[in-house]
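K.L.:
structure here, sequence nowhere to be found:
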């Protein structure tokens, strides 16, 4: 009985999150969200589109409404810090930080694992602004498969700006 109640609660929680998206029909017909690879590729495609053409509604539809986006960085003392955004805060942050510069993020390598509707993906990336200032790092995606498609539950990313090299297993061979 406890297991049935727990499964009902979890199903209700996730389906309620999906139902809370009135714009879901925008991407449900798109094949991109039918696969993990397509879903994470869509994130990079949207972010790498020029701001005047970027479709933030398509971006929002990739995520559960409860999703967080977190960046691991350093404070002025060189200590690790985490900055976490909800979807709307991230959109504002991204718009403000691009400063009308062209932004491009490309995937260099991907490694993922999945089981029974959950997935964890490490995506090594390289970013550039106006074709310069290249920086590499890793995006860590947590995804769930609900209602016939993959949803991003969270993204955590970090870059190599602090001198910590990306391990060889996360770089192209």
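P.N.:
Thanks, I have it. In this text the structure is predicted, and so the values were computed from the model without any measurement. Residues are numbered from 1 along each chain as shown.

K.L.:
so what's the residue nearest the centre of the chain closest to, chain neighbours aside?
P.N.:
Note on the chain: the residue nearest the mean C-alpha position is residue 155, at 4.3 Å, using Cα atoms, centre = their mean. In space, residue 155 comes closest to residue 69 once its chain neighbours are excluded; the distance is 4.9 Å by Cβ to Cβ, 6 or more residues apart in numbering. Every residue, glycine included, has its C-beta placed from N, CA and C.

K.L.:
pull the contacting residues for the one you found.
P.N.:
Applying Cβ atoms under 8 Å, 6 or more residues apart in numbering to residue 69 gives the contacts 84, 85, 86, 87, 90, 154, 155, 156, 157.

K.L.:
any idea how far it is from residue 120?
P.N.:
Distance from residue 69 to residue 120, counting by Cβ to Cβ, to the nearest Å: 16 Å.

K.L.:
next one: residue 51
P.N.:
Taking Cβ to Cβ, one finds residue 51 at 30 Å from residue 120.

K.L.:
what does residue 68 give?
P.N.:
15 Å.

K.L.:
ditto for residue 94
P.N.:
Residue 94 is 23 Å from residue 120, by Cβ to Cβ.

K.L.:
for residue 40, same thing?
P.N.:
For residue 40, the distance to residue 120 - Cβ to Cβ - is 12 Å.

K.L.:
the helix or strand the residue nearest to residue 155 falls within: what's the following helix or strand?
P.N.:
According to DSSP states H and E, residue 69 maps onto strand 63-74. Going down the chain from strand 63-74, the next helix or strand is strand 80-85, by DSSP H and E.

K.L.:
quick one: buried residues of that following strand?
P.N.:
Applying a neighbour-count criterion of 16 or more other Cβ atoms under 10 Å, one finds residue 85 buried in strand 80-85.

K.L.:
could you pull out the helices for this protein?
P.N.:
Counting by DSSP state H, the chain has helices at residues 2-19, 25-28, 36-47, 56-60, 87-98.

K.L.:
what mean pLDDT does the second one get?
P.N.:
Read that as helix 25-28. Mean per-residue pLDDT for helix 25-28: 46.

K.L.:
OK, contacts around residue 140?
P.N.:
For residue 140, the contacting residues are 120, 121, 122, 123, 155, 156, 157, by Cβ under 8 Å, 6+ apart.
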